[in-house]
Every structure is written in structure tokens, then in C-alpha cells.
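next come a sequence and a model predicted from it.
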Amino acid sequence: MDNYTEILEKEKKLNNKESLLEDTIVKDKISQYEIISRMYGGLVKEIEELKGILFKDLSVTNESKEKAEKISKIAFSLQSCLDMENGKKIAEDLNWLYRYIRYMSKRIQDNEDMNYVQPAFKIASGLKEAWDSIPEKSRN
């Protein structure tokens, strides 16, 4: 039964990825705003799950290291979206926030240090909240 549940979970993940891919490829079906919004949503969700894993195990495990790697990849993707030439101070500040989240991930992976998870979660949650509060008329 566990194997069947595992297969269903994998199929669900594949279907979600396929849907996102179709939305992204079909022109004008998903905006730049929506892509970033989904990345923020994923970042917050992954950090929440990491917190749950760490709380459950009360130590850094391989599962938490894999989750930290995924978080780092999302933060790097967000970081690569920044326009450092035209974004000025905002882009610079966002760059530092994404770097902090990636630093948290590396601390878990390399040093099994869980001290940075909650501050990184607060940063990610704040960024998502700020992004979601952008007025409709200003979204691309």
C-alpha cells in the first residue's frame, strides 16, 4: 500500500509540473508576475516543510538537506531574475535577502546548523506578502 501511495504522489507531482510547463510555454497564458508569485509561494512552502522536518526529527537529516538544496535553487532562480543595472537599491536589497536564504540552506547542508531557518522563513514570507500586495494595475 505504501508503494501505491508513493506512486500516486509522484504522479501528482508530475502532473503539477506538466501543468506549470504548459502554462509557461503557451504565450500569454502566464505573466511574469505570476511566475515570480509561484516561485515565492514555492519558496515559502518549501521552508515550511523544512521546518516541519527539522521539528519532527530534531536534527538535520538527508531529507532536510535535500529540502535545503531545493530552497537554495528557488532562491537562486529568484536572484537570477533581478535586473541589477536598472533595479538600483531594490534589486540590491533583494539580492542580499536571496543570498541570506541561500546561506541558510548551505548552513544546513554543510554544518547541520538550523539557526537560520526561522529568519529565512520570515524573509520569504515577507517577500511573498509584499509581492502579493502589488496593485493589480502595476503587475506585468
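Yep, it's here. Numbering: from 1, shown residues only.

just say helix, strand or coil for the residue nearest in space to the middle of the chain.
The chain has residue 43 as the residue nearest its centroid, 1.9 Å off, counting by Cα atoms, centre = their mean. Of the three states, residue 43 takes helix according to DSSP: H, G, I helix; E, B strand; the rest coil.

can you pull the contacts of it?
Residues counted as contacts of residue 43 (Cβ atoms under 8 Å, 6 or more residues apart in numbering) are 71, 74, 75, 78, 101, 124, 127, 128. Where C-beta positions appear, they are placed from N, C-alpha and C, glycine not excepted.

measure it to residue 136 for me?
Applying Cβ to Cβ, to the nearest Å, the value for residue 43 to residue 136 is 22 Å.

same deal with residue 110?
The value you get for residue 110 to residue 136, if Cβ to Cβ is used, is 42 Å.

between these two, which is the more surrounded one?
Counting neighbours by other Cβ atoms under 10 Å for residue 110 and for residue 136 shows that residue 110 has the greater number, 10 against 6.

average pLDDT across the helix or strand the more buried one falls within?
Here residue 110, judged by DSSP states H and E, is contained in helix 88-111. Taken as a whole, helix 88-111 has an average pLDDT of 96.
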